[in-house]
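Asks: Provided below for reference: sequence and predicted model.
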Amino acid sequence: MMRVTLLAAAATALQPGARTKVQQPQRAVISEPVSSSAENCDVVNFEDCKPPFSKVLAANRAEIAVRIMRAGTELNMATVGVYAYEDKNSAHRWAADESYLLPKAATPVGAYLDPKAIVDVAEREGVEAVHPGYGFLSESPELAKLCEERGIAFVGPTVENLLAFSDKTSARAMAIKAGVPVVPGTDAAMSSAAEAKEFAKENGLPLMIKASMGGGGKGMRIARSLDDIEAQFEAASSEALAAFGDGSCFLERYVEDPRHVEIQIVGDGDDVVHLWERDCSVQRRHQKVVEMAPAWNLNDAL
């Protein structure tokens, strides 16, 4: 009878929207209410500080979500996790103070690509902020817009910034407008491999076929001949659709053995600073393996 009761309870907990409450005996939270005049938290001393938000939801999975929850705990915020059925035993489900099962999707990762389902959980459970981490919906204007409409803070860029930069073709257009040199490429996403072949005939090979949305090296394929284009276009589009919920791709001439140097910018809505340059040229499958800061052997004028 005991086993039947436990199985029934487990089945109930795995219904969409069902709540998992996790005890956190080592949670570093203060026991008394924080004064409204308390100082905002910092990462050095958070014993007596005012949390940025009372409750934050990590709109991601696995290690990324766990890191968000750890930061929330350190800043005295309650944390909420969401998980796909396939992630029912994943660490991020149990790292949160509360966790909720997302509606079933066509693929396991697809559950994390439904902004409405995530914001519905946030609104229902009194979440004040949604942190998307990176990947998945981190560059989704739709998620940011839904949060804005529901009165929930989105920990990330504004809707306007996301609309400009989440689509790489829009970002490319802004770079051209600002006078930044770019390699030959398409002004918009290609709808078929046939269009890609026409571009290659006019602009040459090899080509880099890139997902219009998302990042992290996903949805990128190199075509070195006209015969390669169709298969590589379909592969890039399929991977982008699975990872970002959008299979659109655009084209650029592929640059052999380039240096990948970037400057990261951080803003909190009021102030914006840059973190100088870093060299990210050591990569595997278009994903950065080592970042060196400052970047080595750069021309001073550059």
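Replies: Sure thing, it's come through.
Asks: where do the strands sit along the chain?
Replies: 19-21, 55-58, 78-83, 98-101, 129-131, 153-154, 207-211, 220-223, 249-253, 261-267, 272-284, 287-292 (DSSP state E).
Asks: quick one: list the elements packing against the second one.
Replies: In terms of contact count using 3 or more C-beta pairs under 8 Å, 6 or more residues apart in numbering; DSSP states H and E, strand 55-58 is assigned the packing partners helix 62-74, strand 78-83, helix 115-124, strand 129-131. Heads up, the C-betas are built off the backbone N, CA and C, glycines and all.
Asks: pLDDT on it, on average?
Replies: Per-residue pLDDT values over strand 55-58 give a mean of 98.
Asks: what residues does it touch?
Replies: Taking contacts as C-beta atoms under 8 Å, 6 or more residues apart in numbering, the residues outside strand 55-58 that touch it are 64-65, 68-69, 72, 77-82, 92, 96, 118, 121-122, 125-131, 133, 155.
Asks: what subset of those is buried?
Replies: 64-65, 68-69, 72, 77-82, 92, 96, 118, 121-122, 127-131, 133, 155 (16 or more other C-beta atoms under 10 Å).
Asks: between the helices and strands packed on strand 55-58, which gets nearest to residue 159?
Replies: helix 115-124 (12.1 Å; C-beta to C-beta).
Asks: how about that closest one: buried residues?
Replies: Buried residues in helix 115-124 (16+ other C-beta under 10 Å): 115, 117-123.
Asks: residue 175: which of those residues is nearest?
Replies: Distances from residue 175 to the buried residues of helix 115-124, taken by C-beta to C-beta, are shortest for residue 115, at 27.2 Å.
Asks: for that closest one, which non-adjacent residue is closest in space?
Replies: Leaving aside its chain neighbours, residue 115 sits nearest to residue 143 (4.0 Å; criterion: C-beta to C-beta, 6 or more residues apart in numbering).
Asks: next up, the contacts around that neighbour.
Replies: Counting by C-beta under 8 Å, 6+ apart, residue 143 has contacts 59, 115, 118-119, 130, 132, 137, 154.
Asks: ok, residue 145 next?
Replies: Contacts of residue 145 by C-beta under 8 Å, 6+ apart are residue 159.
Asks: now the one 10 residues further on
Replies: Under the criterion of C-beta under 8 Å, 6+ apart, the contact list for residue 155 reads 56, 129-132.
Asks: next one: phi and psi at it?
Replies: phi -80, psi 90 (degrees, to the nearest 10).
Asks: and the pLDDT at it?
Replies: Predicted confidence (pLDDT) for residue 155: 95.
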